[in-house]
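S.K.: need a 3D model of the following:
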Amino acid sequence: MDKEVERTVNIATLLKSREHGFSPYNVQVMASERTLQDRNDLPDAFSLSFHLLSQYAINVVPIPPDRLYDLLQSLYDEVMKADRPDGEDCAASRLVSFGHVETLLTVLVQDLLGVRTRKKRKWAQEGQSVYPVLRCPEHLITPVAHLLQIVHECLKQCPNMTILHLATNYELLEVLFSLLTTQFSYRGAYQLRECVVAILDSILCSENDAPPVHLKLINGLGDLLKSQTGTQDTHLYHVLSAMLSVSEFNAIAHSSLEKYDTWIVESGFSDVMASNHRFLLDQPLWLEHMCLLVCRRMDEVARSVEAISQIFQRLELQEAEMEAFNQTHFRDHDGLFYQILLYKEKALRGDIFLLLSLLLSGKFRDEVQGRLVKCECLKLLPEVFHQVVWVVFQGHSNLLIQGSTVGSRDECCLDMFVRIQFLRFIYSIADNHRNRYLLLSNTDVGKLREVAQMRRLEFPESLQELVDQDLFIPSNGVLMQLITALRQEPASSCVRFWITRALEAFLRGETISLNQAFLLEQNLVEDTVSLIISGCVQNEMVMQGSFDFLSTLMKFNLQAFERCNRILDCTDKLTTLIRLTAENLVDSNMFLRCIILTASYIKEKNPEKIDFIKKCRLLQFFSKVEKQVDFAVKLNRLLTVATLSQENVSCLNTSLLIMILAHRRKELPHCLRMISDMDDGFKLLTNMKNLLSFWITHYTLPIKKADCKSLETSTAIMFSEWQLVVNRLLDADASEPEAIEHYLQKMHIHDTGRRITPQSSAMGRLS
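M.R.: Below is the predicted model:
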């Protein structure tokens, strides 16, 4: 057999074994060695080390320490070479091809860190792990560092390699967490941790259906977390946030809602995440310590011996150089030293804000909200905003980064990273929770009270309770700072999208007219509508964020529609807004929903204002039944069950909302008849039936209770009414005029009659 063919067969066999869950270590190893020996483009030392590694893979017998250190050194020397000719098979690809990345990690766990010889504790205290936590002795730090750098380099040079199957190797995760949190005197300790983080990212942050990791199954993790009391473990927060946000990396979540539902249910993802949140929140003062770190003033950071020591260690300066370096470069906010600290703080706080946001979106949200208030985290956010989040980093992006762990942040700009995570945190605080008011200052609360009195609006009881507890800062609330920042952002800035989301969250949930009125005073309707129709927005995210913000700001609010009407003071402006709404339905459907709901609200609950619909151009246009049905059809044409995703499922809900309001008016049969009369009516109704069948399955999953509640609060329509109308539409009784089947049967009979003639044969594909 030709050597290259044999090698290909060996690799294919290896990959096949991984596919079926078998250990890759002993698959075709001897054949791999023969192939390697026939090649003379790698040094003898590497070939001998490869042979020894292959023998270990088969027998898993400990390698004598001296030979192991020499093996790792020779592999390290060859893998780290950067001057190999283009197209030449490199050492890293050899290791990857024959499954020896996994072999090296087995060496790390079994021999270097000592799982092989570890014994159970004889007397484990309550809450203590049965096994002692694996720790790396100082004398083994060099071979461990070499091994990790080899694995890291293999992952970099072979980006298509997946180590997803290691996500459930809890001994490996224990070792990696231990290395991440142990303080070493080793000068390259920072680079070692970056390698650990890169490996963990490769295991956890996959676009494939990665299995969720149970934190409580990682031996000794609670002890490791308890031992962290300083700022040294910035990497730890990055890894934990990656673990908790694994579903965001999952490509299925953004491509197929149907497949995502299946993955969520089969993987037990929701239960695992709830367990992980509970595990972290049960660690004494762990959350409070995070809040302390994320809210520190920069002058405290600059005075922190620990933070300064970290930076100097990272720059690998000698002790004698530290004082001179400090005096030379630490000058207020423009010195090099200050910029290094700022860079580090931005990375750290971005990860912590993300972690806090994930905890706030979980099962124990109210507990987290309460603990954030108790440790006064929310009071300090305006200072964090000014001193860290919205301060532009002045140094070079490559000043500190040597590995790839944080390199991805450089590509999307660290300033943007920390701003987005901060805004996401603000969104999580404000979203349908009374703590939204703690984003205001005492001055802002006074203005709210004035607006309430002037417009005769109710002052929320939840706000009054917070006022009585004296929880507000005197002035410069973070919400008003965000409004100022929004006005300074470029039209297509992705940060603008996140600011509008944060402001939208202040209004989300049950509609509170006072909150809307407060933001209306800032001319946000005028600014947002003007931006949309200006033609300056080239970013889909910004377009979506602007439409979504308008929908929460204007819903059921006649004053908001008056302001909008004044901006749309000519036919061209109105036509432009309607055209953009129709051309960007995935982005604009929430705005469309807001207009239709408001028109219905006026007719049903406020009939004395019926003339307002005639005066408001937008309401007048979209209140027509024919227009609503037309947009319901446009929305349905965008969707199939296969293409439904988290990004476009709101389109289905908006089209269904139109049917619900038609049902209230006893006009549902009329609307269905209009659809059936269209040229592609049969196809449209069939697709609608399939979509609604999926809808009822999706929203009745136990894990979707929060989504059902969100539908209720955002539309003021009880979920029971949503279900009622869906069930009517899906009724199998073809005699019911509110059932889609009624029209499908009539069209089928009509089409069957037409099929008698040869010209109608093409219709058979539709039925």
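
S.K.: tell me where the stretch 351-500 of the chain has helices.
M.R.: 365-374, 381-384, 407-411, 414-430, 442-455, 461-468, 478-488, 494-507 (DSSP state H, counting those that start in this stretch).

S.K.: should've said the stretch 201-350 of the chain
M.R.: 221-226, 234-244, 246-249, 257-267, 269-281, 286-294, 298-303, 305-315, 319-329, 336-360.

S.K.: including mean pLDDT and distance to residue 638, could the ones you listed go into JSON lines?
M.R.: (Glycine included, C-beta is placed from N, CA and C.) Putting those into JSON lines (pLDDT from 0 to 100; distance: least, CB to CB, whole Å) gives the following:
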{"stretch": "helix 221-226", "mean pLDDT": "85", "distance to residue 638": "45"}
{"stretch": "helix 234-244", "mean pLDDT": "87", "distance to residue 638": "32"}
{"stretch": "helix 246-249", "mean pLDDT": "68", "distance to residue 638": "24"}
{"stretch": "helix 257-267", "mean pLDDT": "86", "distance to residue 638": "14"}
{"stretch": "helix 269-281", "mean pLDDT": "93", "distance to residue 638": "28"}
{"stretch": "helix 286-294", "mean pLDDT": "93", "distance to residue 638": "40"}
{"stretch": "helix 298-303", "mean pLDDT": "81", "distance to residue 638": "48"}
{"stretch": "helix 305-315", "mean pLDDT": "63", "distance to residue 638": "50"}
{"stretch": "helix 319-329", "mean pLDDT": "56", "distance to residue 638": "56"}
{"stretch": "helix 336-360", "mean pLDDT": "89", "distance to residue 638": "30"}
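
S.K.: quick one: those helices as JSON lines, columns for distance to residue 510 and mean neighbour count too.
M.R.: Shown next, in JSON lines, are the helices of the stretch 201-350 of the chain (distance: least, CB to CB, whole Å; neighbours: other CB atoms under 10 Å):
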{"stretch": "helix 221-226", "distance to residue 510": "38", "mean neighbour count": "19"}
{"stretch": "helix 234-244", "distance to residue 510": "28", "mean neighbour count": "22"}
{"stretch": "helix 246-249", "distance to residue 510": "27", "mean neighbour count": "17"}
{"stretch": "helix 257-267", "distance to residue 510": "26", "mean neighbour count": "17"}
{"stretch": "helix 269-281", "distance to residue 510": "25", "mean neighbour count": "18"}
{"stretch": "helix 286-294", "distance to residue 510": "28", "mean neighbour count": "18"}
{"stretch": "helix 298-303", "distance to residue 510": "39", "mean neighbour count": "14"}
{"stretch": "helix 305-315", "distance to residue 510": "44", "mean neighbour count": "16"}
{"stretch": "helix 319-329", "distance to residue 510": "53", "mean neighbour count": "12"}
{"stretch": "helix 336-360", "distance to residue 510": "19", "mean neighbour count": "23"}
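
S.K.: got JSON lines for those, with distance to residue 470 too?
M.R.: Formatted as JSON lines, the helices of the stretch 201-350 of the chain follow (distance: least, CB to CB, whole Å):
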{"stretch": "helix 221-226", "distance to residue 470": "33"}
{"stretch": "helix 234-244", "distance to residue 470": "32"}
{"stretch": "helix 246-249", "distance to residue 470": "38"}
{"stretch": "helix 257-267", "distance to residue 470": "43"}
{"stretch": "helix 269-281", "distance to residue 470": "27"}
{"stretch": "helix 286-294", "distance to residue 470": "20"}
{"stretch": "helix 298-303", "distance to residue 470": "25"}
{"stretch": "helix 305-315", "distance to residue 470": "33"}
{"stretch": "helix 319-329", "distance to residue 470": "41"}
{"stretch": "helix 336-360", "distance to residue 470": "24"}
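
S.K.: residue 667 is nearest to which of those helices?
M.R.: helix 257-267 (29.4 Å; CB to CB).

S.K.: using CSV, write out every CA atom in the closest one.
M.R.: Output in CSV follows, covering the C-alpha atoms of helix 257-267 (Å, rounded to 0.1, in the frame of the first residue of the first chain):
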residue,chain,number,x,y,z
LEU,A,257,-35.3,26.8,16.5
GLU,A,258,-36.7,23.3,16.1
LYS,A,259,-33.3,21.6,16.4
TYR,A,260,-32.3,24.0,19.2
ASP,A,261,-35.4,22.9,21.2
THR,A,262,-34.4,19.3,20.7
TRP,A,263,-30.9,20.0,21.9
ILE,A,264,-32.1,22.0,24.9
VAL,A,265,-34.4,19.2,26.0
GLU,A,266,-32.1,16.2,25.2
SER,A,267,-29.0,17.8,26.8
